[in-house]
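In: Sequence and predicted structure, then a few things I'm wondering about:
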Amino acid sequence: MKENLDLKWSDLKKTLQDADQKELLHIIKDLYKLSEKNRMFLMARCMDLKVLDGVLNTYKQVIKDDFFPKRGYGALRYSVAEKAIKDYSEASGDFAGTMELMFFYVENGVEFTSKYGDIDEDFYIKIYGMLEKFCTQLKTPEGKALYALFRERLFEIHRKTRGMGWGFGDGIKLCVKEMEEFFEED
């Protein structure tokens with residue numbers, strides 16, 4: 001048998017192709033039981049759109065808990081919230097849901113700094129960076145159809161960030177203004 005480091009997808013693929021449906025279901029069930037991350041991935045990848053909303057809410061809760069856990073203060077482990085967005089996107093392929101998670105991340109960042117005051121430069125860079133990614137995606141053909149759903153929420157974060165330091169409020173103002181101008185031209 002090969003060492004772990006020598007195993008390749010092609011080796012596993014051959015074994016899986018030779019397995020019958022019952023064996024594959026058993027393997028998937030074991031993966032499902034193995035970890036919460038596996039469950040979230042399988043649910044996002046395999047559930048129909050009616051159920052996908054509940055899956056999206058599970059990923060939103062991961063983001064929310066990083067900023068506002070049920071007990072104590074937010075850990076602000078940006079990688080946890082950003083990974084939730086990436087994992088959902090890769091597992092589901094749901095563009096609109098991914099956009100929702102990205103903007104939800106920004107909204108939670110704005111709420112966090114509103115509640116706890118001035119944070120640090122890295123915080124503002126992370127939150128603003130996600131807003132920039134969101135706005136870039138909003139300008140794509142697929143994203144353009146979603147602008148109406150996010151328009152008022154964009155104006156709301158602009159309103160909430162007026163006067164915030166580190167150039168954060170100014171950056172958000174420019175980003176929101178750029179979106180408004182872009183979509184007016186369309």
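Out: Received it, and whenever you're ready, just let me know what you need. Just so it is clear, the structure is predicted and the values come from calculations on it, not from any experiment. Numbering: from 1, shown residues only.
In: roughly how far apart are Glu132 and Asp66?
Out: 20 Å (Cβ to Cβ, to the nearest Å). (Glycine included, C-beta is placed from N, CA and C.)
In: okay, these two: which has more neighbours?
Out: Asp66 (22 against 14; other Cβ atoms under 10 Å).
In: if I pick that one, what's in contact with it?
Out: Counting by Cβ atoms under 8 Å, 6 or more residues apart in numbering, Asp66 makes contact with Gly74, Ala75, Leu76, Arg77, Tyr78, Val80, Ala81, Asn108.
In: So the second one: helix, strand or coil?
Out: With DSSP: H, G, I helix; E, B strand; the rest coil as the basis, Ala75 sits in coil.
In: Count residues in the vicinity of it, would you?
Out: Ala75: 12 neighbours (other Cβ under 10 Å).
In: where does it fall, phi/psi-wise?
Out: phi -80, psi -20 (degrees, to the nearest 10).
In: cool, Leu76 as well?
Out: The phi/psi pair for Leu76 (degrees, to the nearest 10) is phi 50, psi 50.
In: mind checking how far it is from Gln137?
Out: The value you get for Leu76 to Gln137, if Cβ to Cβ is used, is 23 Å.
In: Check Met164 too.
Out: 24 Å.
In: Neighbour count: these two, which is higher?
Out: Each of Met164 and Gln137 has its neighbours counted (other Cβ under 10 Å); Met164 has more, 20 against 15.
In: Skipping its backbone neighbours, what lies nearest the more buried one in space?
Out: Thr113 (6.6 Å; Cβ to Cβ, 6 or more residues apart in numbering).
In: and if you look at Leu154?
Out: Using Cβ to Cβ, 6+ apart, the closest residue to Leu154 is Val176 (4.9 Å).
In: just to revisit the earlier point, for the strand or helix carrying the residue nearest to Met164, name the packing helices and strands.
Out: Here Thr113, judged by DSSP states H and E, is contained in helix 95-116. Under the contact definition 3 or more Cβ pairs under 8 Å, 6 or more residues apart in numbering; DSSP states H and E, helix 95-116 sits against helix 49-67, helix 78-92, helix 121-138, helix 141-144, helix 147-160.
In: please redo it, this time with the cut-off set to 10 Å
Out: Under the contact criterion of 3 or more Cβ pairs under 10 Å, 6 or more residues apart in numbering; DSSP states H and E, helix 95-116 touches helix 49-67, helix 78-92, helix 121-138, helix 141-144, helix 147-160, helix 168-185.
In: Those helices: which one's closest to Leu12?
Out: The closest of the helices and strands packed on helix 95-116 to Leu12 is helix 78-92. By Cβ to Cβ, the value is 18.7 Å.
In: what about the closest one, average pLDDT?
Out: Averaging pLDDT along helix 78-92 gives 93.
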